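S.K.: Here you go, sequence then predicted model.
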Amino acid sequence: MLSEGDILDGKYKIVARIGSGNQGTVYAAKDLRLGMLWAIKEILLDGEEFTGDKTQMIQAEVMTLKSVKNVSLPLIIDYFKTEYAAYIVMEFIEGETLESILLRKKVLKPSEALHYGTG
């Protein structure tokens with residue numbers, strides 16, 4: 001797990017933890033060269049090497065996000081890995097998370113769900 005102030009790949013400074021889920025943890029990070037704010041998804045391998053299904057899943061996510069253009073999906077900026085984690089650097093999109101919307105509203109009408117799914 002990363003902490004505020006950690007530097008990744010010599011160019012991304014962790015500013016805050018945004019959230020986490022089944023696949024990893026997302027952080028806000030400042031690009032030390034460009035001054036831009038990005039979202040970085042950290043996917044830990046729990047001591048596994050980068051082989052097999054987990055590597056394929058990570059690469060599939062990167063390739064899918066890279067190829068799809070939608071205002072609801074972030075642009076992929078960078079991708080790199082270390083011995084036990086992979087990092088996907090993405091466009092930082094301001095807004096409320098789907099989790100917080102569901103906690104607040106409890107249930108979404110189909111039209112609302114479609115709106116959140118398509119931007």
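M.R.: Nice, I can see it.
S.K.: right, and the helix or strand after the helix or strand encompassing Gln59?
M.R.: Per DSSP states H and E, Gln59 falls inside helix 52-67. Downstream of helix 52-67, the first helix or strand assigned by DSSP H and E is strand 76-81.
S.K.: pLDDT averaged over stretch 89-97 - what is it?
M.R.: Stretch 89-97 carries an average pLDDT of 85.
S.K.: And for that stretch, what's in contact with it?
M.R.: Stretch 89-97 is touched from outside by 12, 19, 28-29, 37-41, 65, 74-80, with contacts defined as Cβ atoms under 8 Å, 6 or more residues apart in numbering. Heads up, the C-betas are built off the backbone N, CA and C, glycines and all.
S.K.: Any chance of a PyMOL selection covering the buried ones in those residues?
M.R.: Under the burial definition 16 or more other Cβ atoms under 10 Å, those of the contacts of stretch 89-97 that qualify are selected in PyMOL by:
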select buried, resi 12+28+29+38+39+40+41+65+74+76+77+78+79
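S.K.: related to what we said a few turns ago, using neighbour counts, pick out the buried residues of the helix holding Gln59.
M.R.: Buried residues in helix 52-67 (16+ other Cβ under 10 Å): 54-55, 58, 61-62, 65.
S.K.: Tabulate those residues (CSV), appending pLDDT.
M.R.: As requested, the buried residues of helix 52-67 are exported to CSV (pLDDT from 0 to 100):
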residue, pLDDT
Lys54, 72
Thr55, 73
Ile58, 79
Glu61, 79
Val62, 82
Leu65, 77
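S.K.: coming back round to it: restricting to C-alpha, output the helix holding Gln59 in PDB.
M.R.: The C-alpha trace of helix 52-67 is given here as PDB (Å, rounded to 0.1, in the frame of the first residue of the first chain):
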ATOM      1  CA  GLY A  52      -0.700 -16.200 -15.800                       C
ATOM      2  CA  ASP A  53      -4.200 -14.900 -15.400                       C
ATOM      3  CA  LYS A  54      -3.500 -11.800 -13.300                       C
ATOM      4  CA  THR A  55      -1.000 -10.400 -15.900                       C
ATOM      5  CA  GLN A  56      -3.500 -11.100 -18.700                       C
ATOM      6  CA  MET A  57      -6.300  -9.400 -16.700                       C
ATOM      7  CA  ILE A  58      -4.100  -6.300 -16.100                       C
ATOM      8  CA  GLN A  59      -3.000  -6.100 -19.800                       C
ATOM      9  CA  ALA A  60      -6.600  -6.600 -21.000                       C
ATOM     10  CA  GLU A  61      -7.800  -3.700 -18.800                       C
ATOM     11  CA  VAL A  62      -5.100  -1.400 -20.100                       C
ATOM     12  CA  MET A  63      -5.800  -2.300 -23.700                       C
ATOM     13  CA  THR A  64      -9.500  -1.900 -23.300                       C
ATOM     14  CA  LEU A  65      -9.300   1.500 -21.700                       C
ATOM     15  CA  LYS A  66      -6.700   2.500 -24.200                       C
ATOM     16  CA  SER A  67      -9.000   1.600 -27.100                       C
END
